[in-house]
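> Got a predicted model here, sequence first, then my questions.
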Amino acid sequence: MAANSNLERAPNGRGYLSRPLVKHIYTADPSAHVFEGKIYIYPSHDIDAGIPDDDLGSQYAMRDYIVLSMEEPGGPVSAHPVALKIEDVPWAEKQMWAPDAAHKNGMYYLYFPARDHQGVFRIGVATSSSPAGPFVAEREPINGSFSIDPAVFVDDDGEAYMYFGGIWGGQLQRWATGEFDPCGSDSDLSQDDKPALCAKVASLTADMKGFAHAARDAVILDGAGRPVLGGDHDKRFFEASWMFKRGGRYYFTYSTGDTHYLACAIGDNPYGPFTFRGHFLEPVQGWTTHHSVVEFKGRWWLFYHDVQLSGKNHLRSVKMTELRFNSDGTIQTIDPFTD
Ligand code: FUB
């Protein structure tokens, strides 16, 4: 795919709703949090490793993490020194994909997926006394972890939960039996008429470095109270979990992958089930869509990415825009383009 010649207009002829937060590096999969009164963003750090695009995402060959921060939405964005690199993670071989961070016990925790030396995606944790790092990784991945895209939510009572998983290249479908299937499918099990594969959720141990129990399914129900089916590609979970709480309700948000939406499902407790309540970001430029939602000083913000700067699926740029809610608590749909 050729790089854009006109960075103000997308290939569809429309303008962009918002601008990249930084332009000197490629960033993606933004997980935003308010720490120490500022917004910290934990993105993937996209690089061009010269690997052709495939359905397993081999072209996403990232090797380190760089944390971004800003004092206020719309203000200058700082890119901090490298927070963690693959050479410093004994168990990881390649593909440092979408990370997240949490704060508890006076420490900051960086959660990240990577392929181990057997080619299996696992999720690791690293700690720092500073939200920007540098982070020191545990020697082993989190016991019982697998697949990609960790998102950690700390509830008002201090309990922390990790949501994770991603199908296709994220390998979630290979864990359908609870064990990794090395010869398993690289798509979504062709279970169009059966309940879709679910994201996983586990509460974290008090030290934030382990699962308190085996991961469970974060079930998404349709409007009739039935699990969303595998064939419903507009609604089913693909990757990019996020969780936030608003008005006492738990918002599980995620990407639908091959239909390129960000979707929302709402529940009454952190384990779900969650009822599908619509799309809130229309497809962006680029194959992947990924995000986080954070409240800052009484306003809600969506962090997302697209490929405005590069025109290439694996070289993305993090953006932000304000998120608004309807009176029934559903999220107003955002069009990432303008006319
Ligand atoms: O950045 C690599 C992968 O692309 C992420 O893990 C997915 O969520 C998708 O954004």
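Received the coordinates, thanks. Computed from a prediction, not measured in an experiment: that's the story for all the values here. Numbering: from 1, shown residues only.

> low-scoring stretches of the stretch 1-150 of the chain, by residue?
Under the criterion of pLDDT under 70, the regions of the stretch 1-150 of the chain flagged as low confidence span 1-6.

> Just want the most central residue of this protein.
Taking C-alpha atoms, centre = their mean, the centroid of the chain lies closest to Ala240, which sits 3.5 Å from it.

> For the stretch 101-250 of the chain, just list every one of the strands.
Listed in chain order, the strands of the stretch 101-250 of the chain (DSSP state E, counting those that start in this stretch) span residues 107-116, 121-128, 136-137, 151-154, 160-164, 199-203, 216-218, 220-221, 239-246, 249-255.

> residues in this protein within reach of the ligand, list them.
Where the chain comes near the ligand, counting by C-beta under 6 Å from any ligand atom, the residues are 28-29, 44, 57, 60, 97-98, 148-149, 166, 239-240, 288, 290. C-beta: built from backbone N, CA, C; applies to glycine.

> how about CSV for those residues, with distance to Phe303 added?
What follows is the residues of the chain next to the ligand, written out as CSV (distance: C-beta to C-beta, whole Å):
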residue, distance to Phe303
Ala28, 11
Asp29, 9
Ser44, 12
Gly57, 20
Tyr60, 18
Trp97, 16
Ala98, 12
Ile148, 18
Asp149, 14
Gly166, 18
Glu239, 16
Ala240, 12
Thr288, 14
His290, 9
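
> Buried only: go through those for me.
Using 16 or more other C-beta atoms under 10 Å as the burial test, those include 28-29, 44, 57, 60, 97-98, 148-149, 166, 239-240, 288, 290 as buried.

> so who does Asp339 touch?
Arg14, Gly15 (C-beta atoms under 8 Å, 6 or more residues apart in numbering).

> Swap in 7 Å and give it another go.
Taking C-beta atoms under 7 Å, 6 or more residues apart in numbering as the definition of contact, the neighbours of Asp339 are Arg14.

> for Asp181, same thing?
Neighbour list for Asp181: Arg174 [criterion: C-beta under 7 Å, 6+ apart].

> could we number from 32 for the rest of this?
With 32 as the first residue, the last one maps to Asp212.

> chain center to stretch 42-49: distance?
23 Å (C-alpha atoms, centre = their mean, to the nearest Å).

> Okay, buried residues for that stretch please.
For stretch 42-49, a neighbour-count test (16+ other C-beta under 10 Å) marks Tyr47, Leu48, Ser49 as buried.

> now swap in stretch 93-104 and tell me
Within stretch 93-104, the residues scored as buried using 16+ other C-beta under 10 Å are Met93, Arg94, Asp95, Tyr96, Ile97, Val98, Leu99, Ser100, Met101.

> what's the closest of the residues you listed to Val113?
Proximity of those to Val113 (C-beta to C-beta) peaks at Asp95, which lies at 5.0 Å.

> If that closest one is in a bridge, with which residues?
In this entry, Asp95 is beta-bridged to Lys116, by DSSP bridges.

> I figured it hits Glu118, correct?
No - the criterion here is C-beta atoms under 7 Å, and Asp95 misses it with Glu118 at 8.7 Å.

> Would you map the helices across the stretch 182-331 of the chain?
Taking DSSP state H, counting those that start in this stretch as the criterion, the stretch 182-331 of the chain carries no helices.

> so where's it shaky on pLDDT?
Residues of the stretch 182-331 of the chain meeting the criterion pLDDT under 70: none.

> Now the strand or helix carrying Val113: buried residues?
Taking DSSP states H and E as the criterion, the element that holds Val113 is strand 108-116. Going by neighbour count (16+ other C-beta under 10 Å), the buried part of strand 108-116 is Val108, Ala110, His111, Val113, Ala114, Leu115, Lys116.
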